[in-house]
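J.: here is my input, please return the structure:
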Amino acid sequence: MDVELFLARQGPLLDVRSPAEFAQGHIPGAINLPLFDDAGRAEVGTAYKLEGRQTAVLRGLALVGPRLEAMAAELAERAAASPGQPLRLLCWRGGMRSASLAWLAGQLDLPVLLLEGGYKAYRRWVLALFERPWPLRLLGGRTGTGKTDLLLALAARGVAVVDLEGLAHHRGSSFGALGMPPQPSSEHYENRLAMALRGLAGAEQIWLEAESVQVGRCRIPAGLWRQMQAAPALAVQRPLEQRLAQLVRIYGVQDPEQLAEATRRIARRLGPQRTALALEAIAARDWTAACRQMLDYYDRCYDHDLSAHTRAPVELGERGAEAAAALLLERGLVSTAAALSPPAGGGAGGR
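T.: As a prediction, the model looks like this:
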């Protein structure tokens, strides 16, 4: 079964690759049911290269044999949790590993679907999806204007939104990882973005935050980034004190030493005087003064990054995210055209 049909079907999604392969990237929502652990996969692979297929198969059977009962029980448990739905299985290329689990499921009379070409085919589908034309719109604004909160408020009102920061578990600055879960690999970030976009197919507009190409260690894929560079942008503005209050709300609850370390990482760009003042303010727990030292630097970065975009500024004043979302919709600056299917993945950024 090809990728689109495989994704469209219901039923447990079981990835039988090794834990390390799965951790590097997988289809969002998949469950890892490895046929081999990492060491076993390496052992079988080496046997295949040095001694041929038959030796590798025999070694694989020796490794899997003691675990067959437990694996069969897990397949039955997964199937029972979704009665009437097939087990969707995949491995790296749609070869022996997924076929072996399909055989085992067959002995239990459990229906299965196999992904033709495996995870490798899924990755080709992901990269091709970013090359499709998408009706992108960017929401810009200087640091502290609450762009992520605003996007999430718009999404709650039916606007098609992809939360670039939430999917990356990073707020996109030197301080962006503070208080966030570990970041996915860039590969898995691409997988999460692809599923989010797939869920918004047919939307009249798809809104994203105006970001740099790098969101922490995650990189926005080239095809999507090119389209973002050409997309129209809407810039939101807020008073300085409101922006400072937003930053204090986010970062004032973080560990002071981590804040200081993040400040030191950008010391060359901040300059010695601003760095010293920021570190002094952090030591004194004066979060407003610390954030004030950062704003000039980040404002200059923002103005440079969006210099090529046409920006229509909208003053939001002290409105909260919900009121700001209502204002953009009332003015017709944002469309609520429904997507064909619900988005997959997501999460809250903080900026």
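J.: what about residue 276, distance to residue 256?
T.: 16 Å (Cβ to Cβ, to the nearest Å). Using the backbone N, CA and C atoms, a C-beta is placed for each residue, glycine as well.
J.: and if you look at residue 180?
T.: Counting by Cβ to Cβ, the gap from residue 180 to residue 256 is 17 Å.
J.: higher neighbour count, the two?
T.: Between residue 180 and residue 256, counted using other Cβ atoms under 10 Å, residue 180 has the larger neighbour count: 18 against 15.
J.: with adjacent residues omitted, what lies nearest to that one?
T.: residue 169 (4.7 Å; Cβ to Cβ, 6 or more residues apart in numbering).
J.: got phi/psi on residue 161?
T.: The phi and psi torsions at residue 161 (degrees, to the nearest 10) take the values phi -130, psi 140.
J.: cool, residue 62 as well?
T.: The phi/psi pair for residue 62 (degrees, to the nearest 10) is phi -70, psi -40.
J.: for residue 33, the count of nearby residues, please.
T.: Count around residue 33 with other Cβ under 10 Å applied: 18.
J.: wait, it sits on residue 15?
T.: Yes - look at residue 33 against residue 15 with Cβ atoms under 8 Å: they come within range, at 7.0 Å.
J.: how close does the residue lying closest to residue 336 once chain neighbours are set aside sit to residue 334?
T.: Counting by Cβ to Cβ, 6+ apart, residue 158 is the residue found nearest to residue 336 once chain neighbours are left out, at 4.4 Å. Computed with Cβ to Cβ, the distance linking residue 158 and residue 334 is 10 Å.
J.: who has more neighbours out of the two?
T.: Between residue 158 and residue 334, counting by other Cβ under 10 Å, residue 334 is the more crowded of the two (23 against 14).
J.: need the contact list for the more buried one.
T.: Going by Cβ atoms under 8 Å, 6 or more residues apart in numbering, residue 334 touches 137, 154, 159, 205, 207, 234, 325, 328.
J.: now with 10 Å?
T.: 137, 139, 150-151, 154, 157, 159-161, 205, 207, 234, 325, 327-328 (Cβ atoms under 10 Å, 6 or more residues apart in numbering).
J.: what count of nearby residues applies to residue 270?
T.: 22.
J.: err, residue 66, not the other one
T.: Residue 66 - counted by other Cβ under 10 Å - has 8 other residues nearby.
J.: next structured bit after the helix or strand where residue 71 lies?
T.: Using DSSP states H and E, residue 71 maps to helix 68-81. Counting by DSSP H and E, the next helix or strand C-terminal to helix 68-81 is strand 87-90.
J.: ok and the very next helix or strand once past that following strand relative to helix 68-81, angle-wise?
T.: Counting by DSSP H and E, the next helix or strand C-terminal to strand 87-90 is helix 96-107. Here helix 96-107 runs at an angle of 70 degrees relative to helix 68-81 (axes from the mean of the first three to the mean of the last three Cα atoms, to 10 degrees).
J.: what are the ranges of the helices in the stretch 251-351 of the chain?
T.: Taking DSSP state H, counting those that start in this stretch, the helices of the stretch 251-351 of the chain run over residues 256-265, 267-270, 272-283, 287-305, 321-330.
J.: which parts of the first one are buried?
T.: Okay, so that is helix 256-265. 259, 262-263 (16 or more other Cβ atoms under 10 Å).
J.: okay, the residues you listed in CSV with pLDDT and distance to residue 293 next?
T.: As requested, those are exported to CSV (pLDDT from 0 to 100; distance: Cβ to Cβ, whole Å):
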residue, pLDDT, distance to residue 293
259, 92, 12
262, 91, 13
263, 93, 8
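J.: where are the low-confidence patches of this protein?
T.: Flagging of the chain using pLDDT under 70 yields the residue ranges 303-312, 337-351.
J.: tell me where this protein has strands.
T.: All strands of the chain, identified by DSSP state E, fall at 13-15, 31-32, 87-90, 112-114, 136-141, 206-209, 214-215, 218-219, 233-237, 311-315.
J.: now render those strands as CSV, adding distance to residue 287.
T.: As requested, the strands of the chain are exported to CSV (distance: least, Cβ to Cβ, whole Å):
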stretch, distance to residue 287
strand 13-15, 43
strand 31-32, 41
strand 87-90, 47
strand 112-114, 53
strand 136-141, 21
strand 206-209, 23
strand 214-215, 24
strand 218-219, 27
strand 233-237, 22
strand 311-315, 25
